[in-house]
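Trainee: Here's my sequence, what's the structure:
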Amino acid sequence: MSTPTLPYRSFSSFLSEHFPGEKVQKITLTAGFSCPTRDGSRGKGGCTYCNNKSFSPNYAAKQRSITEQLDEGIRFFSRKYPAMKYLAYFQSYTNTYGAVEDCIAKYEEALAHPGVVGLIIGTRPDCMPEPLLEYLSALARQRFVLIEYGVESTIDRSLERIQRGHSWAESVETIERTHRAGIMVGAHIILGLPGESREELLSHADRLGALPLTTLKIHQLQIIKGTLMAGEYLRQPEDFHLFTEEEYIALCVDFVRRLPRGLVIERFVSQSPPELLLAPRWGWKNFEFTAKIERALLEAEP
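Mentor: Below is the predicted model of the structure:
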């Protein structure tokens, strides 16, 4: 009998394929971009679940330049691995939302930093202008480039409820357009948005699996203090089903088994700072979740 193997690839193994023999670490950057759901072009107030303080480290501060943020991030990580290489991760807000020349200048500043071997750019599917995609396409022929699109849901009623300001069709079109440009594409999905049944959550895997994705980030819905969704939750908690740890692991196992085999899954959970998190308050660490999910996946393999 053959030994069962995991049906997905880890992000660390993915990086090892691209940078054999190297240790590579992402450094999160805040580049000062905004979002179309914040400045009024597609809405006001931002996505209902979003508070950027929940995922931006202290060294990624708006008042610091890209170079200063990279310097500080490298000082932090190089204590353990002095020979490490780095990926500049443009994370906060929408990192293709601005004048094309301004976006390119910030990417080029990051790539000029010693030790930086590529870019990961987080953005929205409605914010990828063709001139910028052409630049990134040319860059991807020389350097590591991964574009991560915040899809969040494949169901339009959910996207409307959380004020995303784009449709599922826009996600599909932009992901396919980016892939055709020769750029690696990632997607981000939230499991547990209000109003989505378990079968609808699993149907996200079917729809995402039909797209030319390289990587996928999954995480549970978190209710973050100071967000519009926190107000919804406090007023109508019955509209939300917040998973227990065991429920969420079972959901992830079923979700992964509906994805194409070999897709890179970067994460299954996200843990916001305790002082910002309203619910759910779980006791397990990210690595504990991953270990339990992997064990359950291996047990389920034929």
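
Trainee: Determine the longest helix present in the protein.
Mentor: helix 286-300 (DSSP state H).

Trainee: can you list contacts of it?
Mentor: Contacts of helix 286-300 with the rest of the structure, by C-beta atoms under 8 Å, 6 or more residues apart in numbering, involve 4-7, 245, 248-250, 252-253, 256-257, 267-271, 284. No exception for glycine: its C-beta is placed from N, CA and C like everyone else's.

Trainee: and with 7 Å instead?
Mentor: Helix 286-300 has contacts (C-beta atoms under 7 Å, 6 or more residues apart in numbering) with Pro4, Leu6, Pro7, Ile249, Cys252, Val253, Val256, Arg257, Phe268, Val269, Gln271.

Trainee: Make CSV from these and add secondary structure, neighbour count and distance to Ser153 to it.
Mentor: Converted to CSV, these look like this (DSSP: H, G, I helix; E, B strand; the rest coil; neighbours: other C-beta atoms under 10 Å; distance: C-beta to C-beta, whole Å):
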residue, secondary structure, neighbour count, distance to Ser153
Pro4, coil, 12, 31
Leu6, coil, 16, 26
Pro7, coil, 19, 23
Ile249, helix, 21, 21
Cys252, helix, 23, 16
Val253, helix, 19, 20
Val256, helix, 23, 18
Arg257, coil, 15, 20
Phe268, coil, 25, 17
Val269, coil, 22, 17
Gln271, coil, 17, 21
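
Trainee: related to what we said a few turns ago, quick check: buried residues in the longest helix of the chain?
Mentor: For helix 286-300, the neighbour count (16 or more other C-beta atoms under 10 Å) marks Phe289, Thr290, Lys292, Ile293, Glu294, Leu297 as buried.

Trainee: Report the distance from that helix to the chain centre.
Mentor: Chain-centre distance of helix 286-300: 20 Å, with C-alpha atoms, centre = their mean, to the nearest Å.

Trainee: Do me a favour and average the pLDDT over it.
Mentor: Throughout helix 286-300, pLDDT has a mean value of 92.

Trainee: Provide the count of other residues in contact range of Leu201.
Mentor: When neighbours are defined as other C-beta atoms under 10 Å, Leu201 has 21 of them.

Trainee: Quick check: pLDDT value at it.
Mentor: Note on Leu201: pLDDT of 97.

Trainee: and it, what is it in contact with?
Mentor: Residues near Leu201 by C-beta under 7 Å, 6+ apart: Leu191, Leu251.

Trainee: I'd like the numbering to begin with 4 instead of 1 from here.
Mentor: Right, with 4 as the first residue, what we last looked at is Leu204.

Trainee: And the helix or strand containing it, what's buried?
Mentor: Secondary structure assigned from DSSP states H and E places Leu204 in helix 201-212. Neighbour-count burial for helix 201-212 flags Leu204, Leu205, Ser206, His207, Ala208, Arg210, Leu211 (criterion: 16+ other C-beta under 10 Å).

Trainee: re the thing from before, looking at the contacts of helix 289-303, spot the one nearest Gly48.
Mentor: Gly48 lies nearest to Gln274 out of the contacts of helix 289-303, by C-beta to C-beta, at 24.8 Å.

Trainee: How much space separates the residue nearest to Thr181 when sequence neighbours are not counted from Glu112?
Mentor: Nearest residue to Thr181 in three dimensions, chain neighbours excluded: Val188, at 4.9 Å (C-beta to C-beta, 6 or more residues apart in numbering). Val188 is 24 Å from Glu112, where distance means C-beta to C-beta, to the nearest Å.

Trainee: ok, now Thr218?
Mentor: Distance, Thr218 to Glu112, by C-beta to C-beta: 24 Å.

Trainee: Who has more neighbours out of those two?
Mentor: Comparing Thr218 with Glu112 by neighbour count (other C-beta under 10 Å), the higher total belongs to Thr218, at 21 against 17.

Trainee: Please list all residues in contact with that one.
Mentor: Counting by C-beta under 7 Å, 6+ apart, Thr218 touches Phe14, Leu149, Gly189, Val267, Glu269.

Trainee: Now render the residues you listed as TSV, adding secondary structure, pLDDT and neighbour count.
Mentor: As requested, those are arranged in TSV below (DSSP: H, G, I helix; E, B strand; the rest coil; pLDDT from 0 to 100; neighbours: other C-beta atoms under 10 Å):
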residue	secondary structure	pLDDT	neighbour count
Phe14	helix	96	17
Leu149	strand	98	22
Gly189	strand	98	23
Val267	strand	98	21
Glu269	strand	96	20
